[in-house]
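S.K.: After the sequence you'll find the predicted model.
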Amino acid sequence: MTISSLILIGASTGGPGRIYSILSALENPFPGAVIIAQHMSAPFVPSFIHQLQSITSLPIRSVDEPQKIEQGHIYVCSVTSELVQRSGEIWLEPMEEGDYPYNPQIDRLFASASFLPAVLKRLGVILTGIGDDGAFGSLSLYESGGKCLFESEESAIVYGMPRRAKELVPSGDIGSIDEIIERIKDFGGVHV
């Protein structure tokens, strides 16, 4: 395996600004890999990536075809995608079009991470958003030994997704966006 830590970020309403804050705080080199599932129509993803690339020197890739996960890279899902292990390497693969209520579906991404080797450190982060996408995926991730972190009610623009995730994973941590940024830095290995 070429990576030691994997940070999964799920967000919906109000998420782009939060993701902007997180990525702008990450220094290059960054030992971890970051995968982002922001609810957004696929045609808008290239513009979103272009905006994100303007605030970080870390390489950002759109996931519209299979991608091998590499440390220090950021991946933005343009469609519902899942993580798989092939020949000892971790890949992120777009799914065939299905009846997913959101694009991309956070639950599917997070749940797929629960099948990765336990030696890989995994952190699932649920940011602001309406609804409950990411809650069941967070539960799967947590039950497989992954860590979960949810944006606090005081910090979130919309507390729907983090609240539902916290209900399903009561042992998950809660933090403001600033605390989440510091946790991601620590988890990615920057402060170790």
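M.R.: Everything's here; your move.

S.K.: contacts, neighbours, all on C-alpha from now
M.R.: Fine.

S.K.: where exactly do the strands run in the protein?
M.R.: Counting by DSSP state E, the segments of the chain that form strands are 5-11, 33-38, 60-63, 67-68, 74-77, 81-86, 89-94, 121-126, 147-151, 173-175.

S.K.: In TSV: these, plus distance to residue 182, mean pLDDT and mean neighbour count.
M.R.: Shown next, in TSV, are the strands of the chain (distance: least, CA to CA, whole Å; pLDDT from 0 to 100; neighbours: other CA atoms under 10 Å):
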stretch	distance to residue 182	mean pLDDT	mean neighbour count
strand 5-11	13	97	24
strand 33-38	14	98	24
strand 60-63	20	96	18
strand 67-68	26	96	15
strand 74-77	17	98	24
strand 81-86	25	96	19
strand 89-94	25	96	19
strand 121-126	12	97	26
strand 147-151	12	98	26
strand 173-175	10	98	18
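
S.K.: closest one to residue 167 among those?
M.R.: Closest of the strands of the chain to residue 167 is strand 147-151, at 10.6 Å (criterion: CA to CA).

S.K.: Report all helices and strands that that closest one contacts.
M.R.: strand 121-126, helix 135-143, helix 160-168, strand 173-175, helix 177-188 (3 or more CA pairs under 8 Å, 6 or more residues apart in numbering; DSSP states H and E).

S.K.: most packed of the ones you listed?
M.R.: Stretch with highest mean neighbour count among the helices and strands packed on strand 147-151: strand 121-126 (a mean of 26; mean count of other CA atoms under 10 Å).

S.K.: And that strand, what does it pack against?
M.R.: On a contact count with 3+ CA pairs under 8 Å, 6+ apart, strand 121-126 meets strand 5-11, helix 135-143, strand 147-151, helix 160-168.

S.K.: residues in contact with that strand?
M.R.: For strand 121-126, contacts defined as CA atoms under 8 Å, 6 or more residues apart in numbering pick out 4-11, 110, 113, 134, 138, 141, 146-151, 161-162, 165, 187.

S.K.: Could you tell me the angle between it and helix 160-168?
M.R.: Calculated by axes from the mean of the first three to the mean of the last three CA atoms, to 10 degrees, strand 121-126 forms an angle of 130 degrees with helix 160-168.

S.K.: what angle separates strand 121-126 from strand 5-11?
M.R.: Between strand 121-126 and strand 5-11, the angle comes out at 10 degrees (the same axes, to 10 degrees).

S.K.: rewinding a little: adding distance to residue 23, write the helices and strands packed on strand 121-126 out as a markdown table.
M.R.: Shown next, in a markdown table, are these (distance: least, CA to CA, whole Å):
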| stretch | distance to residue 23 |
| --- | --- |
| strand 5-11 | 11 |
| helix 135-143 | 21 |
| strand 147-151 | 16 |
| helix 160-168 | 20 |
